[in-house]
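Student: need coordinates for the below:
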Amino acid sequence: PPPPPPGWVAGQAPAPQATPQQAAPQQPAPQPAAPVEPAPRHAAPPNFRQPQAFRVPPPLDDAELADPRLNAPQIGWRRTVHKATGGHVNLGPSRRERLRKEIQEQIRQPIVGDFRIAVLSIKGGVGKTTTTLGLGSALAMVRHDRVIAVDANPDRGTLAERVRDVSTRSTVRDLLSDPNIHSYADVRNHTLMASSRLEVLASEQEPAVSEVFGDADYRQTIDILRHYYNIILTDCGTGIMHSAMSGILDLAHTIVLVSAPAMDAARSASATLDWLMQHGHSGLVRDAHVVFSASRPGSANLKIDKLYEHFETRCRSVHMIPFDPHLSEGADVDFGLLNQATMDAYLDLAASVSEDFGRLRGAARS
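Tutor: Residues are numbered from 1 along each chain as shown. Alright, predicted model coming up:
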């Protein structure tokens, strides 16, 4: 067969050949197009967001993220405004209130086993028993576990007389002679309880009997209490050479050394530290907490900064408990009746002592 005509495509009819009379009109010549920019090798997709310069993100403040109702002020005029406006105006806690919360959190940190605090002074009348009650009350009020103070003064201690509770006349001697101590309730039969939840174990009130309360008796007492209490304070006698003092110092995790803000009392306190250093208790000296307790108005007018400077170089912390009319009465101590400055001073002391709780936890892990 003859070859197909030029321009023919299989499956299509052949295009008719135009005659000179039927030629299509000529189209105008196309104009040259504008030059096209070459596309980049890695072109960004549509709607691509260019990266921003790095910026440090603002901190996430727990106080700002928390429920405003949980961050409402609890004291002062800020609390008054918050309550008066039905919570619509919340200025938040003041710096003082935030600091107080931090102190309370410090006091509440956990304890491994039990923690023993010896409160001592070789000079009488400087506020040792008052400090025991104040520190113990601060710990008991803030924490949610059991705190007890033991009167280990062989010379008719007065610790129990500073507590309003008179539900029992039992003493440490009665506790030791009780053959049925198998639970906390059994121990509780022998203790008094202050309004702060601090429990008190009284000393023997008969001088002839209390004199025989020695090292073995104290160790046996602690061996009982440590199973039922998280914090044990011991109100020591003024006789540092007394038999029970050996057990007190051996078993103490920390000591609180009490002095009046007077030069003679401060010298006695410093001599006590010297004696402890010389008798193998340098660790207790290094971690000791010194307390100056003002027993009358203006008694802290001495150059207290000099006393602070001396004891801060030897011990862990130094504290001033201001004069308080309620404490000067010498009667039962109600922590809620203290001046705010006095209450804050005891809480600060409790927070300093609580720093040792972490040290004890670390020793338990090692």
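Student: show me where pLDDT drops low in the protein?
Tutor: Applying pLDDT under 70 to the chain flags the ranges 1-94, 207-211, 298-302, 361-366.
Student: show me the strands in it, by range?
Tutor: 115-120, 147-152, 192-193, 199-201, 231-236, 254-259, 289-293, 317-321 (DSSP state E).
Student: for Asn339, what are its contacts?
Tutor: For Asn339, the contact set (CB atoms under 8 Å, 6 or more residues apart in numbering) comprises 322, 324-326. To be clear about C-beta, it is placed using only N, CA and C from the backbone, and glycine gets the same treatment.
Student: just Ser170 next, same as before
Tutor: The contact partners of Ser170, by CB under 8 Å, 6+ apart, come to 189-191, 202.
Student: any idea which of those is closest to Asp348?
Tutor: Closest to Asp348 out of these is Thr191 (27.0 Å), distances taken as CB to CB.
Student: not counting its neighbours along the chain, what's nearest the closest one?
Tutor: Leaving out its chain neighbours, the residue that sits closest to Thr191 by CB to CB, 6 or more residues apart in numbering is Glu199, at 4.4 Å.
Student: for that neighbour, give the beta-bridge partners.
Tutor: Ile148, Met193 (DSSP bridges).
Student: what about it, how many neighbours?
Tutor: Neighbours of Glu199 under the rule other CB atoms under 10 Å: 25.
Student: ok, so what distance separates it from Met320?
Tutor: Per CB to CB, to the nearest Å, Glu199 is found 27 Å from Met320.
Student: likewise for Asp356?
Tutor: The gap separating Asp356 from Met320 is 20 Å, by CB to CB.
Student: next one: Ser177
Tutor: From Ser177 over to Met320 (counting by CB to CB), the distance is 41 Å.
Student: go on, Gly330?
Tutor: 20 Å.
Student: more neighbours, the two?
Tutor: Using other CB under 10 Å as the criterion, Gly330 and Met320 rank with Met320 on top: 18 against 11.
Student: hang on, the more buried one packs against Asp305?
Tutor: No. If you go by CB atoms under 8 Å, Met320 and Asp305 don't touch, sitting 10.7 Å apart.
Student: what number of residues lie near Met277?
Tutor: Met277: 15 neighbours (other CB under 10 Å).
Student: what about the helices in the stretch 151-300 of the chain?
Tutor: 172-177, 184-188, 207-210, 215-225, 243-251, 263-278, 282-286 (DSSP state H, counting those that start in this stretch).
Student: so which of these is nearest Val147?
Tutor: Once the helices of the stretch 151-300 of the chain are compared by CB to CB, helix 215-225 is nearest, at 10.8 Å.
Student: okay, buried residues for the closest one please.
Tutor: Neighbour-count burial for helix 215-225, with 16 or more other CB atoms under 10 Å as criterion, is recorded at 217-218, 221-222, 224-225.
Student: just stretch 346-355 next, same as before
Tutor: Buried residues in stretch 346-355 (16+ other CB under 10 Å): 346-355.
Student: quickly list the domain ranges of the chain.
Tutor: Following automatic domain parsing, one gets these domains for the chain: 67-100, 111-365.
Student: kindly compare burial across those and name the winner.
Tutor: Ranked by mean neighbour count, the domains of the chain are led by domain 111-365 with a mean of 19 (mean count of other CB atoms under 10 Å).
Student: returning to what we had before: can I get the helices of the stretch 151-300 of the chain in TSV with distance to Leu360?
Tutor: Supplementary listing: the helices of the stretch 151-300 of the chain in TSV, determined by distance: least, CB to CB, whole Å:
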stretch	distance to Leu360
helix 172-177	25
helix 184-188	22
helix 207-210	31
helix 215-225	15
helix 243-251	13
helix 263-278	20
helix 282-286	13
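Student: which residue is the nearest non-sequential neighbour of Arg197?
Tutor: Ala140 (4.2 Å).
Student: my read: that neighbour touches Leu133, true?
Tutor: No. In this structure, Ala140 is not within contact of Leu133 by CB under 8 Å, at 10.1 Å.
Student: which neighbours do those two share?
Tutor: Common neighbours of Ala140 and Leu133, counting by CB under 8 Å, 6+ apart, are 194, 198.
Student: I'd guessed Ala351 sits against Gln106; true?
Tutor: Yes. Counting by CB under 8 Å, Ala351 does reach Gln106; the two are 4.4 Å apart.
Student: if I take the longest helix belonging to the chain and strand 254-259, what angle do their directions form?
Tutor: Secondary structure assigned by DSSP state H gives helix 340-365 as the longest helix of the chain. Note on geometry: by axes from the mean of the first three to the mean of the last three CA atoms, to 10 degrees, helix 340-365 and strand 254-259 are set 150 degrees apart in direction.
Student: what's helix 340-365 packed up against?
Tutor: helix 95-107, strand 115-120, helix 128-142, strand 254-259, strand 289-293, strand 317-321 (3 or more CB pairs under 8 Å, 6 or more residues apart in numbering; DSSP states H and E).
Student: how does it look with 7 Å?
Tutor: Packing partners of helix 340-365 (3 or more CB pairs under 7 Å, 6 or more residues apart in numbering; DSSP states H and E): helix 95-107, strand 115-120, helix 128-142, strand 289-293, strand 317-321.
Student: so for Gly239, which of the ones you listed sits nearest?
Tutor: Of all these, strand 115-120 comes closest under CB to CB, at 10.2 Å.
Student: and that closest one, C-alpha only, in PDB?
Tutor: Provided in PDB are the C-alpha atoms of strand 115-120 (Å, rounded to 0.1, in the frame of the first residue of the first chain):
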ATOM      1  CA  PHE A 115      15.600  13.000 115.900                       C
ATOM      2  CA  ARG A 116      17.000  13.900 119.400                       C
ATOM      3  CA  ILE A 117      17.600  17.500 120.600                       C
ATOM      4  CA  ALA A 118      19.400  18.200 123.900                       C
ATOM      5  CA  VAL A 119      18.600  21.700 125.300                       C
ATOM      6  CA  LEU A 120      21.300  22.600 127.900                       C
END
